[in-house]
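Engineer: Got a predicted model here, sequence first, then my questions.
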Amino acid sequence: MLRKKRDKKRDKERERAFYENGSRLHEKLIASCNGRPIPIRSYSCEELQRATNNFDRSRIFHTDESYEWYNGSFEGRMISIKKYLKHRFDEIFTDIAVSAKMSTHNNVLKLIGCCLETEIPISVYESAANGSLEDRVKVTSHDGAQQHEREPLSWQSRLKIAREIAHAISYLHTAFSRPIVHRLIQPGNVFLDQHGVAKLTDFSFSISIPEGETHVEDDVLCGTVGFICPHYFATNYITEKVDVYSFGSFLLQLLTGQEKLELFGITDYSSDDDFENDRKRITIDEVEDPAFHVEEEGSAVWQQFVNPAIHVGEEGSVVWQQLQAGLRLAFICIKKDPEIRPDMVDVTKELRKIERFIL
């Protein structure tokens, strides 16, 4: 009898959660998709528990302060399951809605469905068999020896990933009547599938620019130290160039194996939680100086930006010239003046040329 009461109470809670979450998601999908919501498969709690062996911690392949990613298997298919940890419903439903909208793009992690029976919804995606780029891109050194948790990325893989993610961001900016700005472009939000294809994820803080407008304002500052656009920092104005700046920082890290702040010797900076209290320092005005000196002093200076563990060949080689062109593009993307930065369509074209060595 007691068990039946518990089961009845559980079923009522799930029914309530399903109704409330479903209503919120439906509203978000309608707003995001111009009144034509995209159908999304519904999963039960039991199905996702079976898929993850009751959310076995050993199946986690990536974590963030707001969510955990699990490897799972359902109906003979490998899947990735995103379990949100905080009650940030607007962000969660934005993530699901924009993911659904973008799932047709080959370089966006495809949303398969979600579970709405839990108090906090759970999302289901295609498999990201090779995990997060964050675990592969940065080359670290301990006691003088290079350490890699996983096999380091080859030079050509780095160029391919850069071009694939640039293409996904370009699509986000241009494919819809209202351009969408991602606002969280960084290695932790790029996954790799079983074939090494790069997949953009996490649209939690994505925002649309109204039709006919050049920007949108948002009092909520979103971003990560080293990737956030200084102009957005100062004004709260959001344009596509916010993503261009973040992509420039992303490209620098991808090509060099080091974070931008480390590249320029900036080690005394605040955490993401201290943005509002320390804006002046985090805007990093010095960021343009290295670009200027690289342009002025020639190829000998380029070498200082690249971790020695990433072998890019001898000066004058094809790979060396690809590196020079890639870093030059990254520096243009992180110019302080948004008007000087290229748009992502042009960035994608330039990366395609660099990858094919059409310089």
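Structural biologist: Sure, I can see it.

Engineer: Can I get stretch 214-224 as PDB, trimmed to CA atoms?
Structural biologist: The C-alpha trace of stretch 214-224 is given here as PDB (Å, rounded to 0.1, in the frame of the first residue of the first chain):
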ATOM      1  CA  THR A 214      21.300  46.400 -36.000                       C
ATOM      2  CA  HIS A 215      21.700  45.300 -32.400                       C
ATOM      3  CA  VAL A 216      19.800  44.200 -29.200                       C
ATOM      4  CA  GLU A 217      20.500  45.200 -25.600                       C
ATOM      5  CA  ASP A 218      20.500  42.800 -22.700                       C
ATOM      6  CA  ASP A 219      21.300  43.800 -19.100                       C
ATOM      7  CA  VAL A 220      22.400  40.200 -18.400                       C
ATOM      8  CA  LEU A 221      26.100  40.000 -19.200                       C
ATOM      9  CA  CYS A 222      27.000  36.600 -20.700                       C
ATOM     10  CA  GLY A 223      30.400  35.300 -21.600                       C
ATOM     11  CA  THR A 224      33.700  33.900 -20.300                       C
END
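
Engineer: Quick one: distance of that stretch to the chain centre.
Structural biologist: Averaging C-alpha positions (C-alpha atoms, centre = their mean, to the nearest Å) puts stretch 214-224 16 Å from its chain's average.

Engineer: In it, which residues are buried?
Structural biologist: For stretch 214-224, the neighbour count (16 or more other C-beta atoms under 10 Å) marks 215-216, 222-224 as buried. Bear in mind the C-beta positions are built from the backbone N, C-alpha and C, glycine included.

Engineer: With respect to residue 69, which of those is nearest?
Structural biologist: residue 224 (17.5 Å; C-beta to C-beta).

Engineer: which non-adjacent residue is nearest the closest one?
Structural biologist: Nearest residue to residue 224 in three dimensions, chain neighbours excluded: residue 186, at 5.4 Å (C-beta to C-beta, 6 or more residues apart in numbering).

Engineer: got the contact list for the one you found?
Structural biologist: Contact analysis of residue 186 by C-beta atoms under 8 Å, 6 or more residues apart in numbering lists 134, 224, 227, 246, 249-250.

Engineer: what about residue 12, neighbour count?
Structural biologist: 10 (other C-beta atoms under 10 Å).

Engineer: ok, now the one 3 residues further on?
Structural biologist: One way to gauge burial is a neighbour count; for residue 15, by other C-beta under 10 Å, it gives 11.
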